[in-house]
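Q: generate coordinates for the sequence data below:
(4 chains)
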2 protein chains.
Amino acid sequence: MTEHDAPHATPRLETFEEIATRYPGLDPEALHVWVVMRKAQTRLDLAVDAHLARHGLSFGRYLVLVHLIRAEGHSLNPAAIADLCGSTRATITGVVDTLEKAGFVEREEDPADRRSLQVRLTLTGRRFLEKMLPDHFDRLMKVMSEFTPAELKTLEKLSQKLAAGAAALERP
Amino acid sequence: MTEHDAPHATPRLETFEEIATRYPGLDPEALHVWVVMRKAQTRLDLAVDAHLARHGLSFGRYLVLVHLIRAEGHSLNPAAIADLCGSTRATITGVVDTLEKAGFVEREEDPADRRSLQVRLTLTGRRFLEKMLPDHFDRLMKVMSEFTPAELKTLEKLSQKLAAGAAALERP
DNA sequence: GGGTGGTAATCAGGCCCCTAATTAGCTGCA
DNA sequence: TGCAGCTAATTAGGGGCCTGATTACCACCC
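A: Numbers count the residues shown, from 1 in each chain, chains lettered A, B, ... in the order given. Next up, the predicted model:
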């Protein structure tokens, strides 16, 4: 009746595993490590999001705040923030809206160019960061304390190879 | 005038880096590796999403299709799919809606329990996977070919430690 | 047999981030 | 001068995934 009632009639690939085993260039060990690695990354991502959410932050909001506190005068324009965060100006507009409502940043007109503006961390925002960052660092250090110094070096090297390999996903 | 005009008047923590260096438990090397690692993960995530998007898939849709093709009878109920994908039933409802519109899956009533249903991969869906998976595997292998067999083993081990460490982010 | 509690999927509404279109202002050149 | 083309930020609208409420149904137990 349906195709899979007669699997022997045609040499059809029936499952993911069959396709995998028949794919000539495939290294099962490499595929296994890929899956383990991606699962770990997903779990870490979720944990980071949940951790930041406890402080009322999304990752995007957190990143903007950190770039602002690092910046000269705790102040940047939206375009610069977008570049530093690797996101778009439109996204930054929304994130800054939220942070402004929370009182953590404020927008100031740029007298030299009326198209432009500066986003400045407020005192409230700075105090908030000073309060949340120790917990943040504490948790990061607890994650990283799984690794010996030698493993840290290895992790860094492998991360760089991974970033290089990501380019292979982006090609034609 | 504003607080930061008089940085010497109060021993205030002014920047992320200052907070970091003053934080007693902080290992700068570990923090550096954390940042390198997270950037690599972000880049990989974006690359995977872009690669799947070229096939018209989100990661969620891809995952549902893969679990279906692996399943007995290419068929699962939404609750099982949600468990396998690590997402909620409500999310699966939406993903299955999209896949159904594309003709890749169909819903069938479960005669034994009228609350329940089966989501089945259609022939169209299976053919689609058979066509896209070789490209998918090809790209994954290109990513993983950055690593020697020994490095793969190390990567697996470090990934597992990372997943274990993620728990440290989740605690009180 | 009829209510009570549990479970299946779905709906309603929200958050985050994206792209494309829009508005406003700058700049350089005929 | 005035206009063409660029650039800044925003708005409009959409996609993906979430939580919490809702609807329909099963199953147990009195």
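
Q: tell me the residues of chain A that contact DNA strand D?
A: A:77-79, A:89-90, A:92-94, A:96-97, A:107, A:113, A:115-117 (Cβ under 7 Å from any atom of the strand). Every residue, glycine included, has its C-beta placed from N, CA and C.

Q: now with 6 Å, please.
A: Chain A comes close to DNA strand D at residues A:77-79, A:89-90, A:93, A:96, A:107, A:115-117, as judged by Cβ under 6 Å from any atom of the strand.

Q: quick check: ChimeraX command selecting the buried ones in the residues you listed.
A: The following ChimeraX selection, which keeps only the buried ones among those, applies the criterion 16 or more other Cβ atoms under 10 Å in any protein chain shown:
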select /A:77,78,96
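
Q: so which of the residues of chain A next to DNA strand D are in helices?
A: Among the residues of chain A next to DNA strand D, DSSP state H puts A:78-79, A:89-90, A:93, A:96 in helices.

Q: adding distance to A:Leu26 and pLDDT, write the residues you listed out as CSV.
A: Formatted as CSV, the entries for those read as follows, by distance: Cβ to Cβ, whole Å; pLDDT from 0 to 100:
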residue, distance to A:Leu26, pLDDT
A:Pro78, 45, 98
A:Ala79, 44, 97
A:Arg89, 42, 97
A:Ala90, 40, 97
A:Thr93, 44, 98
A:Val96, 46, 98
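
Q: picking up where we left off before, got the residues of chain A next to DNA strand D as CSV, with distance to B:Leu140 columns?
A: Shown next, in CSV, are the residues of chain A next to DNA strand D (distance: Cβ to Cβ, whole Å):
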residue, distance to B:Leu140
A:Asn77, 40
A:Pro78, 37
A:Ala79, 36
A:Arg89, 33
A:Ala90, 32
A:Thr93, 36
A:Val96, 38
A:Arg107, 44
A:Arg115, 45
A:Ser116, 44
A:Leu117, 44
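
Q: in chain A, which spans are strands?
A: Remark: strands assigned in chain A by DSSP state E are A:75-76, A:105-109, A:117-121.

Q: the first one near chain B anywhere?
A: No - contact of strand A:75-76 with chain B is not found when judged by Cβ under 8 Å from any Cβ of the partner chain; the minimum separation is 9.7 Å.

Q: how about stretch A:102-112?
A: No - applying Cβ under 8 Å from any Cβ, one finds that stretch A:102-112 is not in contact with chain B, the shortest distance being 11.2 Å.

Q: residues of chain A that sit close to DNA strand C?
A: Applying Cβ under 6 Å from any atom of the strand, we find that chain A lies next to DNA strand C at A:58-60, A:87-88, A:90-91, A:94-95, A:98, A:113-115.

Q: from those, keep the buried residues only.
A: Buried members of those, counted by 16+ other Cβ under 10 Å: A:59-60, A:87, A:91, A:95, A:98.

Q: okay, those in a markdown table with pLDDT next?
A: Compiled in a markdown table, these are given as follows (pLDDT from 0 to 100):
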| residue | pLDDT |
| --- | --- |
| A:Phe59 | 96 |
| A:Gly60 | 97 |
| A:Ser87 | 95 |
| A:Thr91 | 97 |
| A:Val95 | 98 |
| A:Thr98 | 97 |
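
Q: of all these, which two lie farthest apart?
A: Between any two of those, the greatest separation by Cβ to Cβ is 13.7 Å, found for A:Ser87 and A:Thr98.

Q: can you list the domains in chain A?
A: Taking automatic domain parsing as the domain assignment, the ranges for chain A are A:15-48, A:57-147.

Q: start to end distance for the last one?
A: Spelled out, that is domain A:57-147. The first and last residues of domain A:57-147 sit 27 Å apart, counting by Cα to Cα, to the nearest Å.

Q: burial count for A:Arg38?
A: 17 (other Cβ atoms under 10 Å in any protein chain shown).
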